[in-house]
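> here are the coordinates; sequence isn't available:
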């Protein structure tokens, strides 16, 4: 997580698992070097911890030496266990398989020679091969935890391939070509009852509150529901709108906009051309655009360019 922040990538959350921690980033690294640094940093921490503990463990702990249940509790026992756990984490996380650090190191290395999408394809195929080997060993040895780990790696690799494809497709389209040009807007004097009517009749979940050509704020379906739950009165939308909204330029790619919205922990952004407000785009809009772009990409015969 610290390594990601050093290259300007905020961390959305960290998932702690028995196999180690997995950091979910708000956006993908911009270069293979950044991804390599982020991926190497995790195992490097375990290596440093293991090296610091090594002088305090027994001579017999040359590789992995977990104390048995018959061992008497002691500080030495604790240090030996910590040392062995860190060695095991290093070895396991360096396996060339997503979502482990080794899989990201593999992808970063390949991406220095190939395109990011091709590198991801090769890395995910290798990852699923590693998962198949682990799964076979798990079945032959009857180890349930190992089998679950193999399944986790296999499906995580598939998700990584899908995410890479999504990034590639979204990078090919500008948000200026995808925002809702037919959206209904609100004025500051409109009330929540009007928003409820619009939500029911237009299926539009997000509304720009404008005065003239100036965007004052954004009202979402969630804002309205929270306002009605807290105070049933028919409030002005100016009282519930979000004034601290995400701004994006119409020349940004859909992938950049998706990352920007995610980094702000928001769901919708305002699209501008210079100082001119154009419209709103949400994560749902981007997902719908992705579905269309993906379909056209898979069926080139339907593309106008063909």
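Happy to help now that I have it. It should be emphasised that the depicted structure is a prediction, and the values quoted were computed from it without experimental measurement. Numbering: from 1, shown residues only.
> pull the longest helix from this protein.
Using DSSP state H, we find that the single longest helix of the chain is helix 144-171.
> parallel or antiparallel, which strands does the helix or strand that comes right after that helix pair with?
Using DSSP states H and E, the helix or strand that follows helix 144-171 in sequence is strand 185-186. Sheet pairing of strand 185-186 (DSSP bridges) gives strand 206-211 (parallel).
> quick check: mean pLDDT of the partner strand?
In this model, strand 206-211 has a mean pLDDT of 92.
> could you do stretch 286-295 as well?
Here the average pLDDT along stretch 286-295 is 90.
> how many other residues sit next to residue 224?
A count of neighbours around residue 224, defined by other C-beta atoms under 10 Å, yields 21. Just so you know, the C-beta spots here come from the backbone N, C-alpha and C atoms, and that holds for glycine as well.
> residues of the longest helix of the chain that come out buried?
By neighbour count on 16 or more other C-beta atoms under 10 Å, the buried set for helix 144-171 is 147, 149-150, 152-154, 156-157, 160-161, 164-170.
> again, but for stretch 245-254
By 16+ other C-beta under 10 Å, the buried positions in stretch 245-254 come out as 245-246, 248-250, 252-254.
> quick one: terminal-to-terminal distance for stretch 242-253?
Chord length of stretch 242-253, first to last residue, is 24 Å (C-alpha to C-alpha, to the nearest Å).
> might you report the residue contacts of residue 279?
Residue 279 is in contact with 179-181, 183, 208, 270-271, counting by C-beta atoms under 8 Å, 6 or more residues apart in numbering.
> let's see 6 Å
By C-beta atoms under 6 Å, 6 or more residues apart in numbering, the residues touching residue 279 are 179-180, 183, 271.
> can I get the residues you listed in JSON lines with neighbour count and pLDDT?
Listed next are those as JSON lines, based on neighbours: other C-beta atoms under 10 Å; pLDDT from 0 to 100:
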{"residue": "179", "neighbour count": "23", "pLDDT": "87"}
{"residue": "180", "neighbour count": "16", "pLDDT": "83"}
{"residue": "183", "neighbour count": "14", "pLDDT": "87"}
{"residue": "271", "neighbour count": "26", "pLDDT": "94"}
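> looking at this, residue 114 is in a helix?
No - assessed with DSSP: H, G, I helix; E, B strand; the rest coil, residue 114 is coil; it does not lie in a helix.
> so which elements touch the host helix or strand of residue 131?
Using DSSP H and E, residue 131 sits within helix 116-141. Applying 3 or more C-beta pairs under 6 Å, 6 or more residues apart in numbering; DSSP states H and E, one finds that helix 116-141 makes contact with helix 101-111, helix 144-171.
> flag every buried residue along it.
Under the neighbour-count criterion of 16+ other C-beta under 10 Å, helix 116-141 has 116, 119-121, 123-124, 126-128, 130-131, 134-135, 138 buried.
> what is the nearest of the buried residues of stretch 245-254 to residue 82?
Minimum separation from residue 82 among those (C-beta to C-beta) is found for residue 246, which lies at 43.3 Å.
> roughly how far apart are the residue nearest to the closest one when sequence neighbours are not counted and residue 82?
Take residue 246 and drop its neighbours on the chain: the residue closest to it by C-beta to C-beta, 6 or more residues apart in numbering is residue 269, 3.9 Å away. Remark: distance between residue 269 and residue 82 (C-beta to C-beta, to the nearest Å) = 45 Å.
> in this structure, where is pLDDT below threshold?
Counting by pLDDT under 70, the chain contains low-confidence ranges at 1-24, 26-27, 58-74, 301-306.
> domain ranges for it?
Recorded structural domains for the chain (assignment: automatic domain parsing) are 2-171, 175-298.
> more neighbours: residue 269 and residue 82, which one.
Using other C-beta under 10 Å as the criterion, residue 269 and residue 82 rank with residue 269 on top: 26 against 16.
> thought the more buried one was touching residue 261?
Yes - judged on C-beta atoms under 6 Å, residue 269 makes contact with residue 261 at a distance of 5.2 Å.
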